[in-house]
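Asks: Quick check, what structure comes out for this input:
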Amino acid sequence: MHVRPGPRGGTEPVKSFYNLLVGGLVEIDGSYKSGSGTILRDSILLSALLGRPVYVHNIRAKREKPGLRPQHLSVVEVVKTLTGGLCQGASVGSKEVFFRPGGEIRSRDFFFDIGTAGSATMLALTIIPIGLFSKRASSFKIRGGLFQDFAPSFFHLKYVVVPLLRMMGAEIEIKMVRPGFVPKGGGEMEVKTRPLDGPLSPLMLAEPGAMRDVVGIALSSHLKERKVSERMARECKAVLRAKGYEANIEMLYDTNDSPAFEAPALQEGAALAVWANFERGAIIGSDMVGEKGRSAETIGKRVASMLIEDIESGATCDRFSSDQVILFCALARGESLFKFPFLSEHMESRIWLVEQMLGADVSVQGRKST
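Replies: All right, here's what the predicted structure looks like:
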């Protein structure tokens with residue numbers, strides 16, 4: 001994938017994001033392609049960075065429960081808080097939102113509670129660019145879900161996505177305070193950002209190079225007696241070994257008496273993340289969380305299989321991170337280049353959005369997901 005920033009991307013932060021006069025209203029169809037909540041999140045984020053009002057309609061129109069859900073509403077409220085913006089239509093179930101950002105990004109210590117098991121990591125991916133383009137260092141504590149389906153896990157964010165963003169010049173630190181699983185949530189994570197000295201550098205990962213190692217973390221909360229972490233790790237390592245890959249997977253058991261982090265999870269839960277590091281900076285990751293009816297062995301096998309598929313595709317970003325870095329590449333100065341396993345509809349939605357709002361030029365070669 002080649003990502004060439006448009007006229008709104010790649011300029012000095014002070015010039016483009018603090019002193020930019022409010023331009024015309026940008027209208028975004030939230031039902032485009034995947035029609036996911038990411039269209040809303042990224043639209044509000046880019047509105048804040050560009051200083052341009054945005055109107056998003058048909059929000060999640062294709063979903064079983066269309067419109068804003070609590071986790072999407074929290075994103076709008078957070079960006080509103082960080083920018084001193086104005087918003088209309090922001091309520092659970094609403095299918096349209098108008099957002100006008102304030103004049104300056106606020107920098108200080110913040111605490112945001114999603115109030116449900118809504119994804120804290122998705123909120124973090126919205127907050128991080130705002131922190132990078134602010135005037136001063138910021139610290140964010142976020143409470144919500146850290147491990148769930150259809151959202152980046154904390155481990156994938158920390159060990160795959162954030163290192164890729166650091167390659168682009170971003171100064172980001174993230175830490176888990178408490179694991180959080182569906183349905184109770186209650187997980188906590190901390191994000192610290194420092195403002196960019198200049199524009200983001202492009203992400204250049206044309207080839208992966210030789211593999212350095214394969215590492216991972218198997219976490220289970222209040223499931224030590226069933227040896228869930230051990231079983232996930234054992235199955236994953238066996239599948240990888242059959243393909244010639246040796247993995248070093250750390251096994252963590254999180255209990256009330258012996259928390260794996262600063263505080264134990266509020267409920268039972270499990271997560272496995274594995275990633276391969278390559279000599280030229282590429283990182284290929286794979287992860288999955290536990291849920292009712294999904295055995296530890298199933299998790300281990302599926303995580304290993306996804307990792308093998310993405311490695312053997314010749315990709316330099318995995319199926320998840322290749323989607324998550326698109327927006328950052330569109331904000332960088334210069335052309336980014338990376339290889340991805342396949343083109344998902346979710347990626348198509350994000351590509352379309354950065355083309356609409358930033359004028360980015362994205363060229364894609366490869367196969368679509370089936």
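Asks: Mind listing the residues bridging to residue 174?
Replies: residue 191 (DSSP bridges).
Asks: Endpoints of stretch 316-332, how far apart?
Replies: End-to-end distance of stretch 316-332 (C-alpha to C-alpha, to the nearest Å): 18 Å.
Asks: Actually, stretch 62-74.
Replies: One end of stretch 62-74 to the other measures 21 Å (C-alpha to C-alpha).
Asks: In it, which residues are buried?
Replies: 66-69, 71-74 (16 or more other C-beta atoms under 10 Å). (C-beta placed from N, C-alpha, C; glycine too.)
Asks: same check, this time on stretch 81-94
Replies: Counting neighbours by 16+ other C-beta under 10 Å, one finds that the buried residues in stretch 81-94 are 82-83, 85, 87, 89-90, 94.
Asks: try stretch 92-110
Replies: 94-95, 97-102, 105, 107, 110.
Asks: which two in these are spaced the farthest apart?
Replies: 95 and 107 (32.9 Å; C-beta to C-beta).
Asks: Now do the domain split for the chain, please.
Replies: Following automatic domain parsing, one gets these domains for the chain: 2-205+319-363, 211-312.
Asks: mind showing which ranges of the stretch 1-150 of the chain have poor pLDDT?
Replies: For the stretch 1-150 of the chain, applying pLDDT under 70 flags the ranges 7-23.
Asks: mind listing the helices for it?
Replies: Using DSSP state H, counting those that start in this stretch, the helices of the stretch 1-150 of the chain run over 13, 37-50, 70-83, 120-132.
Asks: okay, the ones you listed in JSON lines with distance to residue 334 next?
Replies: Converted to JSON lines, the helices of the stretch 1-150 of the chain look like this (distance: least, C-beta to C-beta, whole Å):
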{"stretch": "helix 13", "distance to residue 334": "15"}
{"stretch": "helix 37-50", "distance to residue 334": "18"}
{"stretch": "helix 70-83", "distance to residue 334": "27"}
{"stretch": "helix 120-132", "distance to residue 334": "16"}
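Asks: so which of these comes closest to residue 328?
Replies: Nearest of the helices of the stretch 1-150 of the chain (C-beta to C-beta): helix 120-132, 7.0 Å.
Asks: what's that closest one packed up against?
Replies: Here helix 120-132 touches helix 37-50, helix 70-83, strand 138-144, helix 154-156, strand 171-178, strand 187-194, helix 326-331, going by 3 or more C-beta pairs under 8 Å, 6 or more residues apart in numbering; DSSP states H and E.
Asks: Okay then, goodbye and thanks.
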